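build me a model:
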Amino acid sequence: MTGTSAPIPKDAPIYVAGHRGMVGSAIVRRLAAGGYTNILARSRQELDLLDAGAVAAFLAAQRPAYIFDAAAKVGGIHANNAYRGEFLYQNLAIQTNLIHGAMLAGVQRMLFLGSSCIYPRDCPQPIREDYLLTGPLEQTNEPYAIAKIAGIKLCDAYNSQYGTRYVSAMPTNLYGPFDNYDLQNSHVLPALIRKVHEAKLAGEPTLTVWGTGSPLREFLHVDDMADACVFLMESGVESGLFNIGVGEDLSIRELAELVMRIVGFEGEIRFDTSKPDGTPRKLLSVERVNQLGWKARIGLADGIAQTYRSFLAGEARGL
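Have a look, this model is predicted:
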C-alpha cells in the first residue's frame, strides 16, 4: 500500500483530467501553489473523455508522468436518480478510457477519485475502507456508485497485472469555489447556499429543505481534498483505497441553520418530507490517511463563509 516518500519532480508532466470542475480546478491550484510547472489540461472541446481512441492518442502523445483523474459526471440525489443510465455509462466510459489509456501509454502513477457513495447504505459508522462491497448500496445513487467501484477495482487489477501504481481516493461530501448551484443537479450544501441566499434577497419568511433534516453528513472543503490528493501522490503510496474526510458530521438541519447564520437569513426552516433523505449517515473513517500524516485543516464554518464569498463573486456553475 505504501512506499518510501517520492516527491514529484517540479517539472514532471502532470495531467489533471476534469480541470475545469470543482475538484480538478482545486488540484490545479494546489499543484501551482506547490511549484509544479508542467500541468497538462484539456477542455471537453479539446479532448472528449468519452472517446477511447482520442484519450489513448492524447496520453500516448503527451506521456504524462502523473495523472489526477477528477473527471466525472456528477450531481445530487435528483440527478443521480433521474439520469441513472447516463451516470452509469458516462462514468464507466470516462474512467475506463483514462485508466486503460494510461496503462497503454506507460503512465505509472495515477490518482483515481471516487465518492463515499461507494459504500453500503447501512454501513457501520465511521465507514472504513474495508467495508466496501459488504452490503446493498443506496438506491438513489447506485449507478454512480457502481461506476466508481468499478474504477477502484480496475486500478487494483491493473496494478496487479501490469505493475502500475494507481491509487484511489474516496472523498466525503465536497464543497467550495466553482461548485454547481443548479437546483436540479446540485449537492445539498451548494443547493442550500443558493436557496438561503435567494430567500434572503426575496425577504421570504421560510426556507424549504428536502427530507426530514435528520440525515447526518460530513463535509470537506475542496481545497483540503486537493491537498490530500497531492499528498498521496507525493507520499510514495503505490496502491489501495483511501477515505478523505474530516472525521466529523452534522445533521442536515444543523447544516441548514449554519448556512442561514452565515448568509444572514432569519426565516424559519420547513422540511419537505415527501422528498428523499438518501443514506441516513455517511461518516468516513479517515484513520488510514491520517496515519500517513495528512489531516483536513479548514473548519466547516470558515469553509462555508469562504464558499459563500466565492458564490457572491461569481465563482459558481449552474446559475
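
report pLDDT for the residue nearest to S285 when sequence neighbours are not counted.
Sequence neighbours aside, P126 is the residue nearest to S285 in space, at 4.0 Å (criterion: CB to CB, 6 or more residues apart in numbering). Using the backbone N, CA and C atoms, a C-beta is placed for each residue, glycine as well. Predicted confidence (pLDDT) at P126: the value is 97.

for P126, give its distance to V286.
Relative to V286, P126 is positioned 8 Å away (CB to CB, to the nearest Å).

find residues that contact each of these two.
Overlap between the contact sets of P126 and V286, as judged by CB atoms under 8 Å, 6 or more residues apart in numbering, is given by G247.

number of residues surrounding the residue nearest to S285?
Applying the criterion other CB atoms under 10 Å, we find 19 residues in the vicinity of P126.

where exactly do the helices run in the stretch 101-250 of the chain?
All helices of the stretch 101-250 of the chain, identified by DSSP state H, counting those that start in this stretch, fall at 142-162, 188-202, 222-234.

out of those helices, flag the one nearest G18.
Ranking the helices of the stretch 101-250 of the chain by proximity to G18 (CB to CB) places helix 222-234 first, at 11.9 Å.

tell me the mean pLDDT for that closest one?
When pLDDT is averaged over helix 222-234, the result is 97.

alpha carbons of stretch 180-191, in PDB - could you do that?
Written as PDB, here are the backbone C-alpha positions of stretch 180-191 (Å, rounded to 0.1, in the frame of the first residue of the first chain):
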ATOM      1  CA  ASN A 180     -22.500  23.500  -9.100                       C
ATOM      2  CA  TYR A 181     -25.500  25.600  -7.900                       C
ATOM      3  CA  ASP A 182     -28.200  24.200 -10.300                       C
ATOM      4  CA  LEU A 183     -31.000  23.300  -8.000                       C
ATOM      5  CA  GLN A 184     -31.900  20.300 -10.200                       C
ATOM      6  CA  ASN A 185     -28.400  18.800 -10.200                       C
ATOM      7  CA  SER A 186     -26.500  20.200  -7.200                       C
ATOM      8  CA  HIS A 187     -25.500  18.600  -4.000                       C
ATOM      9  CA  VAL A 188     -27.000  19.600  -0.700                       C
ATOM     10  CA  LEU A 189     -24.600  22.300   0.500                       C
ATOM     11  CA  PRO A 190     -24.400  24.400  -2.700                       C
ATOM     12  CA  ALA A 191     -28.200  24.000  -3.000                       C
END
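
okay, buried residues for it please.
N180, Y181, D182, N185, S186, H187, V188, L189, P190, A191 (16 or more other CB atoms under 10 Å).

out of the helices of the stretch 101-250 of the chain, nearest to Y175?
Among these, helix 188-202 comes nearest to Y175, with 4.4 Å by CB to CB.

what does that closest one rub up against?
Counting by CB under 8 Å, 6+ apart, the neighbours of helix 188-202 from elsewhere in the structure are 76, 173, 175, 179-181, 183, 186, 206-210, 217, 219, 252, 255-256, 259-260, 263-265, 267, 304, 307-308, 311, 316, 319.

quick one: buried ones out of those?
Buried positions within the contacts of helix 188-202, assessed by neighbour count (16+ other CB under 10 Å), are 76, 173, 175, 179-181, 186, 207, 209-210, 217, 219, 252, 255-256, 259-260, 263, 265, 304, 307-308, 311, 316.

and stretch 116-130, what's buried?
Of the residues in stretch 116-130, those scored as buried under the neighbour-count criterion (16+ other CB under 10 Å) are S116, C117, I118, Y119, P120, R121, C123, P126, I127, R128, E129.

can you read off the pLDDT for T4?
For T4, pLDDT reads 51.

likewise N141?
85.

K195 now?
In the prediction, the pLDDT value recorded for K195 is 96.

count the neighbours of it for me.
Residue crowding around K195 was assessed by other CB under 10 Å; the count is 22.

distance check, it against F311.
According to CB to CB, K195 stands 12 Å off from F311.

returning to what we had before: and the furthest pair within the buried residues of stretch 116-130?
Between all members of the buried residues of stretch 116-130, the farthest pair (by CB to CB) comes out as R121 and E129, at 16.9 Å.

rounded mean pLDDT for the strand ranked longest in the chain, please.
Ranked by residue count and defined by DSSP state E, the top strand of the chain is strand 165-171. With pLDDT averaged residue by residue, strand 165-171 scores 97.
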